[in-house]
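Peer 1: Okay, predicted coordinates and the sequence, questions at the end:
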Amino acid sequence: MTLSESIPPELAELEPGLTYLDTADPRTGALHGMVELSLTAEPTGEILWVDARNSATTYAFADATIQHRVLSGIQVARAFTAYQHHSLIHQLVEHIDEQTALVVTPCLGALYADDDVPDVEAAMLFADIIDTLDRLAEEHAIPILVTATTTPFVNEVVTRVDRTITITQTDLGLAFETDTFQTTVYHGPGYWQTTIPYWVDLFGHIDPAVEAMWEPQPSLATLG
């Protein structure tokens, strides 16, 4: 099973707006899997990727088993400093058109935490790019997918995005959770593993009165 196949159908089609992919370990490849799904759903669409910390590597895309024909729809612009990143975010307005299916900005805030950027200036620059991304998502009605793990910028990301997808690595695979969805079934080659929430969704909660009938009852000791 590929990474994109492990992503629940409920999350496969991103809605317009800012979506924060909350994952403690970017090596899970979930970001790249979401990108593959986006281009698979819209084969003629294009993805604009403003890169930081070398997230758009050949190895990362290969691990996500993204095919070459899919990669051809991704346009990558790399930033190595906060100032370059800030400039590239503003240049997005010149490149977004009717063919743009998704904008990806991984490691948002990482470059702004570098020592060569004064803290006050970094905060101002970062606040500006969040405003810019928010405006672009609204004006063009497109999804923008972001990741961020660098404090304190991740806190501002969380408060500004429209939705959050939390991803956790488990022994059975990736677990996804949003305000309206939670992974309850894990699929593997020739099997599928359920969880307790899956059965609760299927049959509902036990009536308290019925549950009480199955609770152990105290026994009376006989003195003799």
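Peer 2: The structure has been received and is ready for your questions.
Peer 1: Quick one: residues contacting A41.
Peer 2: Counting by Cβ atoms under 8 Å, 6 or more residues apart in numbering, A41 makes contact with A12, E13, A101. Yep, even glycine has a C-beta here, placed from its N, CA and C like the rest.
Peer 1: Report pLDDT for the nearest residue to the second one once chain neighbours are set aside.
Peer 2: Spelled out, that is E13. Closest residue to E13 apart from its sequence neighbours, by Cβ to Cβ, 6 or more residues apart in numbering: A41 at 6.1 Å. As predicted, A41 sits at a pLDDT of 74.
Peer 1: before we move on, what about G204?
Peer 2: You'll see G204 listed with a pLDDT of 71.
Peer 1: what does L223 give?
Peer 2: L223 is assigned a pLDDT of 48 by the prediction.
Peer 1: Identify all contacting residues around the longest helix along the chain.
Peer 2: In terms of residue count, the longest helix belonging to the chain (DSSP state H) is helix 119-140. Residues outside helix 119-140 that contact it (Cβ under 8 Å, 6+ apart): 16-18, 82-83, 85-86, 89-90, 92-93, 96, 100, 103, 105, 108-109, 112-113, 117, 142-144, 146, 153, 156-157, 160, 162.
Peer 1: Test my guess that G45 contacts E98.
Peer 2: No - counting by Cβ atoms under 8 Å, G45 does not reach E98; the two are 9.5 Å apart.
Peer 1: Could you check which of these two has the larger neighbour count?
Peer 2: G45 (16 against 9; other Cβ atoms under 10 Å).
Peer 1: For that one, list the residues it contacts.
Peer 2: Applying Cβ under 8 Å, 6+ apart, the residues near G45 are S38, L39, G73, Q99, T100, A101, L102.
Peer 1: One more pass at 10 Å, please.
Peer 2: S38, L39, G73, E98, Q99, T100, A101, L102, I142 (Cβ atoms under 10 Å, 6 or more residues apart in numbering).
Peer 1: Of those, grab the buried ones for PyMOL.
Peer 2: For the buried members of the contacts of G45, the matching PyMOL selection, counting by 16 or more other Cβ atoms under 10 Å, is:
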select buried, resi 38+39+73+100+101+102+142
